[in-house]
Structure formats: structure tokens, C-alpha cells
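J.: Next comes the sequence, and after it the predicted model I'd like to discuss.
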Amino acid sequence: MNQWLPSCLCTDAQLQSETFRAWGERLRIAWDPEHTGKPLPQHRKLWEWCYIGQALWERGMLQPGRRGLGFGVGQEPLAALFASFGCTIVATDLHQEEAQRTGWVDTQQHAGGLAILNQYKICDPTSFQQLVRFRYVDMNAIPSDLRDFDFTWSSCSFEHLGSIKKGLHFLDKQMACLRPGGIAVHTTEFNVSSNTKTIDDGPVVLFRRCDIEKIAARLRARGDLIALDFDPGNSPADQHYDVPPYLHLPHLKIRFADFVTTSIGLTISKSAKPQSALATFIGRFFRSKKSAA
């Protein structure tokens, strides 16, 4: 890949590229813990991890001294991966009681503390203890002290916030956690089969192209940068979709309820110019006037 990754859909061509395959091998212990040596699976979760890693790497974020903030990290290996590059990481997830209530603990998709984040020893344990800390955070109410990070990330988390509106609100608000020029990389569900009908509230929502374009316009109006590519791919693996109980490959697209969905990666560069207090006030004023109308 000779240019930076845009915000784009999961495709087989990307997953089979030399760049993504290198990330897949670096993360092999997380998806092949039995050391079978099997080929990289055509799976969208692996694509998400590779996408986030590559988007941050090519933008100079994965190096000693960089500070990263992860949302809804669950038991994914990315916090350990980024710490292995020397990054200082704050990994966050829903509070234990709320995660238990909503079923995340039962499905083993919740981080109950620091140790689980380096379960595969991707990062040297001593370095991991020095570089990574964990705290509970509700993505619908980001604490105001989480600021001045070089990068933020999440892997298929903000589609679980209750509605499309809440998911887009999170994507907007988490930009405040970044320093000027910082990078946000997030993956989420993308409705391939419709740009009108979708699931817009509940435990899992499916974002449409119009939703992504809406938040992109909002970000650009503030001076942030986001490039969009909605190419769904054209290989046999891209045209296939897995069905419940989702046990077969390829697993790049799936049938979910009445829709076909895949993963989309969103990479946003925060404006390098800090917003003035006056501009912030004007923006809030017009948003409040619009809401009142």
C-alpha cells in the first residue's frame, strides 16, 4: 500500500495484502493460540485489528512516547500490541456491574482488569505493567479528564451504545480526547444492503452510508480530516455472507436480521489548529438553536 488507508469497508483484497498479512502474523497468537500454523482466516475481526494497526502505524502513532486511549477494549489484543511499540496506553471498558447486566461478561467480551489485556504476552509483561493502565469508562459519558492523547481507537464497540444517534455522538465527542493533529481509528458495523432501512436502536445498530457521511460532514466542518471509500470488494469472499451461528469462513460479511453487514474502519485526523474559545462558543450556540427549533 503506497498511500494512507482511508475510512473504508472490510475487503478480502485488503486482508490478503502483504501489509495486512504482516499484521495478522504479528497478532497470530491471539487468533491461533494453539500454534497450528493455519493460514490467516478470512474473518472481519482480524481485518479490524489489522486496519487499526496499519492506520496508526502509517501515521506515525506507534512509537515510544505516543499516548493512546482505547474504548470498549474487551479482551482484544490491541492494547498489548500498541504497548509493545512503546506507546503509553489507557485501556477502558464498561464498568463490571453494567457489563454483567448487559451480557458482555457472560460472552467473554469484557475486560475485567489489566491482566486479561496481555493474556497472549504480545507485550513484555514488565513493559506492559509500566505502559498500560485500565479504567472503567461509559462510552456514552466520556470523562472530561481523558484529554491530549495522540490517538484513540475502538474495535466494533460504538454500535452497542443503544442507537445510531448515540454512536455518532460518541464518534464526535471522543475527538475531544485527542491533541491537535491526533488520530482516531474506530471500526463498527456497516449496513451493506440498504442506505435507508436499518436497525437504528437496540443492543446492536447498523450504520448506513448516509450515517457515515453525516458524521463525516460534521467532522470536516470543524476542520478534521476524513476520507471515505465505500467499495465493498468484488472477490467471491466479498460476495459471500455468513449466517448464524457464524461458524464458517469467509466471514467478511454476515446476515444479521434482515440485513447484510460488514465492518467499516473510520480514520479521522483531528485538526492541527486548536479551536478557539470563540469558535467553540459559536458552535455550541448554533447547535443549541438548532435543537430548540
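T.: Cool, the structure landed. Numbers count the residues shown, from 1 in each chain.
J.: got any ranges where this protein has weak pLDDT?
T.: 1-2, 96-112, 275-293 (pLDDT under 70).
J.: buried ones in the longest strand anywhere in the chain?
T.: Ranked by residue count under DSSP state E, the longest strand found in the chain is strand 178-191. For strand 178-191, the neighbour count (16 or more other C-beta atoms under 10 Å) marks 178, 182-191 as buried. In this view, the C-beta of every residue, glycine as well, is placed from N, C-alpha and C.
J.: Wait, a helix at E48?
T.: Yes - counting by DSSP: H, G, I helix; E, B strand; the rest coil, E48 is found in a helix.
J.: which residues sit in contact with it?
T.: 10, 155-156, 187, 263, 265 (C-beta atoms under 8 Å, 6 or more residues apart in numbering).
J.: can you rerun that using 6 Å?
T.: Counting by C-beta atoms under 6 Å, 6 or more residues apart in numbering, E48 touches 155, 187, 263.
J.: Excluding chain neighbours, what is closest to it?
T.: T187 (4.2 Å; C-beta to C-beta, 6 or more residues apart in numbering).
J.: That neighbour pairs with what?
T.: S155, G265 (DSSP bridges).
J.: Quick one: residues contacting it.
T.: 48, 155-156, 263, 265.
J.: just to revisit the earlier point, as PDB, could you dump the C-alpha coordinates of the longest strand of the chain?
T.: C-alpha atoms of strand 178-191 as PDB (Å, rounded to 0.1, in the frame of the first residue of the first chain):
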ATOM      1  CA  LEU A 178      -7.200  14.000  21.100                       C
ATOM      2  CA  ARG A 179      -4.500  16.600  21.000                       C
ATOM      3  CA  PRO A 180      -4.500  18.800  17.800                       C
ATOM      4  CA  GLY A 181      -3.300  16.600  14.900                       C
ATOM      5  CA  GLY A 182      -4.200  13.400  16.800                       C
ATOM      6  CA  ILE A 183      -5.600  10.300  15.100                       C
ATOM      7  CA  ALA A 184      -8.900   8.400  15.800                       C
ATOM      8  CA  VAL A 185      -9.300   4.900  14.400                       C
ATOM      9  CA  HIS A 186     -12.600   3.100  15.000                       C
ATOM     10  CA  THR A 187     -14.400   0.100  13.400                       C
ATOM     11  CA  THR A 188     -18.100  -0.500  13.500                       C
ATOM     12  CA  GLU A 189     -21.000  -2.300  11.800                       C
ATOM     13  CA  PHE A 190     -21.900  -1.100   8.200                       C
ATOM     14  CA  ASN A 191     -25.100  -1.900   6.500                       C
END
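J.: Give me the distance from that strand to the chain's centre.
T.: Chain-centre distance of strand 178-191: 7 Å, with C-alpha atoms, centre = their mean, to the nearest Å.
J.: Same question for stretch 201-217.
T.: 14 Å.
J.: likewise stretch 232-240?
T.: Centre to centre, stretch against its chain (C-alpha atoms, centre = their mean), the figure for stretch 232-240 is 22 Å.
J.: Residues contacting that stretch, please?
T.: 9, 11-12, 42, 192, 250, 252.
J.: list the buried ones in that stretch?
T.: 232-233, 237-238, 240.
J.: In TSV: the buried residues of strand 178-191, plus distance to F256.
T.: Formatted as TSV, the buried residues of strand 178-191 follow (distance: C-beta to C-beta, whole Å):
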residue	distance to F256
L178	31
G182	32
I183	29
A184	25
V185	23
H186	19
T187	15
T188	13
E189	8
F190	11
N191	9
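J.: What is the nearest of these to R218?
T.: Nearest to R218 among these: A184, at 13.4 Å, using C-beta to C-beta.
J.: need the contact list for that closest one.
T.: 152, 268.
J.: Which of the buried residues of strand 178-191 sits closest to F82?
T.: V185 (10.9 Å).
J.: The closest one and I268 touch, don't they?
T.: No - applying C-beta atoms under 6 Å, one finds V185 not in contact with I268, separated by 7.8 Å.
J.: Now do stretch 116-136: distance from first to last residue.
T.: 14 Å (C-alpha to C-alpha, to the nearest Å).
J.: S154: neighbouring residues, count only.
T.: 28 (other C-beta atoms under 10 Å).
J.: do Q119 as well
T.: With other C-beta under 10 Å as criterion, Q119 counts 13.
J.: do the same with R44
T.: 26.
J.: ok, now how distant is the spatially most central residue of the chain from Q42?
T.: Nearest residue to the geometric centre of the chain (C-alpha atoms, centre = their mean): H186, 2.5 Å. From H186 across to Q42, the span is 22 Å (C-beta to C-beta, to the nearest Å).
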